[in-house]
Each structure stands twice: as structure tokens, then as C-alpha cells.
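Enquirer: Attaching a predicted model along with its sequence, questions to come.
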Amino acid sequence: MNERRHFLFAMWEGGGTVPPTVGLARRAIARGHRASVLGDPTIEQAAVAVGCDFMSWRRAPHKTTLRPEEDVVKDWETSNPLEMLARVRDRFIAGPATRYAADTLDAIAEHRPDAVISDYMLFGAHIAAEKAKLPAGALVPNIWPIPAPGVPPFGPGFAPAKTFLGRFRDAAVTRVVTRLFDRGLPALNGAREEVGLAPLRSFFDQVLRCDRIFVLASAEFDFSSRFVPSHVRYLGPILDDPQWARPWSMPWPAGNQDPIVLVAFSSTFQDQGPVLRRIVDALAGLPVRAVVTLGEALDQDEVSSNGAAVVVRSAPHRVILEKASLMITHCGHGSTMKALAAGVPLLGMPMGRDQNDTAARVVHARAGLRLSPRASVAAIRRAVRRLIDDAQYRQNALRLAQALDREHRSVDPIGEIEALIAQRSAEPLGCQL
């Protein structure tokens, strides 16, 4: 084993962002390192359970529960994607960057880590690591999100452009998104000035300055992987179930051979109750056995069971997917990767955030279909029938499962974060696009 190191993981309560980040910390501890987590109080139980020290954000925005009123961005309140991005910029990334930096500097002073691994959206934590002159890793717990030449803009869920008009569309939307985020530069540079750092010329330079950017996604699945900067490392998905998932036994008779469908939407609130109720209604007319997991963000009475669908608070997704024929999901990255790792096709009904782009990659791989979350009961039922009846979707999902397995066996995630310290030069390895 390499020299024992201490990694500080700075993270936030992003629902599906939590299990992979805590999972990476757990793997670092298993390798003999020490891991500390700086995050929302809602993360403490999961972090401590795997052996991490835990510190809560104090000045910076944070959640003490998963109730929607505590959400910082409240992205479900707007259907305008530019308004949603502006909320993320002002309420989460740039607006509170000074407070995130102050909390991270306090954690660094108290625990003296050898490196800081921060969620890529926590620009304040990156600022703190830069100020402390510590090796800095940005952790992307989903597909590649940052504008880059050749990559469709993040957000709309575009497929790779194949024509001049498609490339023009991508370039135009990317310019709009880049300009929107650059309006957050005054707040971001104000946070840097607060700790004595020079200003940046472009918003995304803050994350691109990190020594390494670790993407917890499959390079085979993410068609952006061919275009990323040289200091980006694809570590592959970390598929740990959330700490709050409970064991569960299927209630159907042993002789029932109807296809199993797993339905799982966001573990944080996105006002997903209406779409889940329509999915349950659609499954009622089909010969399937469905498990609908609500997570902790919805009340148990939001969605009711029927003859085809059993609604539960939680269940171990990976266990169910071993026998499933289909997953219906919002296309959060973790849920999507668990299904594809099991060779299970998907019906994606993305509701925002990174979900449109993850769904676009599922469709690009021909491992599933995409519907609007406002799709009718009849449209959902038709899509379910098509995905179960057409074996090609299953074959394509199995092809991706094989690719994920190859990546898992060839990549050492903890070795990569160890190299963050061992290979750091006097100047950051990051580059600007």
C-alpha cells in the first residue's frame, strides 16, 4: 500500500450525488487511508457508517432534512431551463462561494488533510484548496458537464451533432450557457479576492484549475469522454446503494414469471408524485410485476399500490435489477448506471438537472427510450410494451454492461486519487478550454 493519506471530501446533499461520493471515501478507507467528509447534516449518517469523520457546513447553504422547503435551488418551481441554471449559479455555486470557502478553510485548518476532493459544483471548496495550496480534485458524480469543443451543451439533452446545423445549434446554445454562467464571475471573483486569490477570466476556469477532475461515469457511455481536457480521469460509476435502502422481499408467488419492472425517480424532491402516479396507472394494464421506490423525499401516501405495482419507501435496486426486465426512471446518473450495469434497458422520463443529458446517452446507445415526464398513461404503456417486447434494447444494455465491467476491472479509482498527491507539480495540472 502507498503511504497513508488523509482526504477531505467536500460534498452536498444532491440525492444521487451522495452514494458515489461516500462510496469513494469508503474505498479510500478500505485502502488504509483516512477520509473526512464536509457536507450537509443529512449526509452525516451515511458518512459515519463507512468510517469517515464528519463536519457540517455552517455558514454555507445546507439541508437538515430532505423536505422541499429546505432545498436551496427549488428547480421544480420553474420550467425555464435558463432560469434554472441562473438559480444554480446564484443560489448554489457563485452566490455562496465565499461561505463555502470559509467553511472549507476551517475544516482544512482543523483536520490538516493531504488533499481536498470536492464536488465540482462547490467552487468555494476549490477556492479554499487553492488558497491552502493543497492538491485539489474536482469530483463529477455524473456525466461530463462543462462546456468543451465537440460536446453538446449540458442541459437540453442533445445527441451528438452530425450536421453543420447541429454543430451550429450546439455552438450557439453553448455560448448562451457560458455567458449566463459568466454573469456569476463578479461573485466568484469576490470570493477569490476575499482570500487573496487573483480573479478568473471565465466562470468554469475555477473547476478546470483543479489538479485532477474525476468523473464517476463510464467513458464508453458518455460520448463527451473523447473531448475532455487531459487532466480528466474517468473512474467509472460507483454503484453503492444509499445507506437508507432497506432489504425487501418480492411479494409475488414463486410461479409468477411476469417481467419485473423497477420504477425509481429522484431521491430528492422534484415534484415527481404526478408522474409516478401515471406510471403506476400505466402498469396496471400490463402483465408485469412492478416495484416502485419512493425514496425519502416523498410522503408514503403520495403514490398508491395496485395489482401490478407495489409501492415502497425503499428497496435495494441492485438486487431487484438482477432479475428485472426494465427500469423506469428520471435518468439520474446513479439509477441509470445501475440498470445498465445489470444489462437492463430503461424508459427515461427526465425532469431536469443532468437527467436530459443522461437520457440522451441512453437513447444514443439504443438501450432505452425517452418520454416527457408529462407523457400520458397510454404513451407510457406503449413504451413499456415496446421495451419489453423488443430484445434489441436488452442486447444493447447488455453490451454496455460488458463495457462497464471492463472499465471496472481496468480502473483503480483510489490509485487515481493517490496520484493526485504523488504527481502534483509546483503548478496546477489543469488547463482552460
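Expert: Happy to help now that I have it.
Enquirer: use CA for all of it now, contacts and neighbours both
Expert: Fine.
Enquirer: so after the host helix or strand of residue 23, what's the next helix or strand?
Expert: Residue 23 is part of helix 18-30, with elements assigned from DSSP states H and E. Once the chain leaves helix 18-30, the next helix or strand it forms, by DSSP H and E, is strand 34-39.
Enquirer: Output that following strand as PDB - backbone C-alpha positions only.
Expert: Only the C-alpha atoms of strand 34-39 are listed here, as PDB (Å, rounded to 0.1, in the frame of the first residue of the first chain):
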ATOM      1  CA  ARG A  34      -8.300   8.400   6.300                       C
ATOM      2  CA  ALA A  35     -11.300  10.200   4.900                       C
ATOM      3  CA  SER A  36     -13.200  13.100   6.300                       C
ATOM      4  CA  VAL A  37     -16.500  14.400   4.900                       C
ATOM      5  CA  LEU A  38     -17.600  18.100   4.900                       C
ATOM      6  CA  GLY A  39     -21.200  18.200   3.900                       C
END
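Enquirer: For that strand, list every residue counted as buried.
Expert: Within strand 34-39, the residues scored as buried using 16 or more other C-alpha atoms under 10 Å are 34, 35, 36, 37, 38, 39.
Enquirer: Residue ranges in the stretch 301-433 of the chain under the pLDDT threshold?
Expert: Counting by pLDDT under 70, the low-confidence segments of the stretch 301-433 of the chain come to 423-433.
Enquirer: swap the cut-off to 50 and go again
Expert: 425-433 (pLDDT under 50).
Enquirer: Helix, strand, or coil at the spatially most distant residue from the centre of the chain?
Expert: Distance from the centre of the chain peaks at residue 255, with 37.5 Å (C-alpha atoms, centre = their mean). Judged by DSSP: H, G, I helix; E, B strand; the rest coil, the three-state class of residue 255 is coil.
Enquirer: Pull the contacting residues for it.
Expert: Taking C-alpha atoms under 8 Å, 6 or more residues apart in numbering as the definition of contact, residue 255 has no neighbours.
Enquirer: Distance check, it against residue 301.
Expert: 30 Å (C-alpha to C-alpha, to the nearest Å).
Enquirer: Pull the number of nearby residues for residue 124.
Expert: 31 (other C-alpha atoms under 10 Å).
Enquirer: Repeat that for residue 395.
Expert: Residue 395: 16 neighbours (other C-alpha under 10 Å).
Enquirer: What's the first helix or strand after whichever helix or strand it is part of?
Expert: Under the criterion of DSSP H and E, residue 395 resides in helix 391-410. Using DSSP H and E, the helix or strand that follows helix 391-410 towards the C-terminus is helix 413-422.
Enquirer: From the contact counts, what lies against that next one?
Expert: The helices and strands touching helix 413-422, judged by 3 or more C-alpha pairs under 8 Å, 6 or more residues apart in numbering; DSSP states H and E, are helix 18-30, strand 136-140.
Enquirer: what's the closest of those to residue 81?
Expert: Residue 81 sits nearest to strand 136-140 of all these, at 20.8 Å, using C-alpha to C-alpha.
Enquirer: before we move on, the earlier item: of the buried residues of strand 34-39, which is the nearest to residue 266?
Expert: Nearest member of the buried residues of strand 34-39 to residue 266, counting by C-alpha to C-alpha, is residue 39, at 19.4 Å.
Enquirer: Outside of the helix holding residue 395 itself, which residues are in contact with it?
Expert: Contacts of helix 391-410 (C-alpha under 8 Å, 6+ apart): 218, 220-221, 236, 340-345, 365-368, 387.
Enquirer: if you look at those, which of them are in helices?
Expert: Using DSSP state H, the members of these that fall in helices are 340, 341, 387.
Enquirer: Count the neighbours of the residue lying closest to the second one once chain neighbours are set aside for me.
Expert: What it means is residue 341. Nearest residue to residue 341 in three dimensions, chain neighbours excluded: residue 401, at 4.4 Å (C-alpha to C-alpha, 6 or more residues apart in numbering). Close neighbours of residue 401, defined as other C-alpha under 10 Å, add up to 21.
Enquirer: Kindly report the same for residue 382.
Expert: 12.
Enquirer: quick one: it from residue 371, how far?
Expert: 11 Å.
Enquirer: Repeat that for residue 262.
Expert: In terms of C-alpha to C-alpha, residue 262 sits 16 Å off from residue 371.
Enquirer: When those two are compared, which one has more neighbours?
Expert: Taking other C-alpha under 10 Å, residue 262 and residue 371 do not tie; residue 262 has more neighbours (26 against 16).
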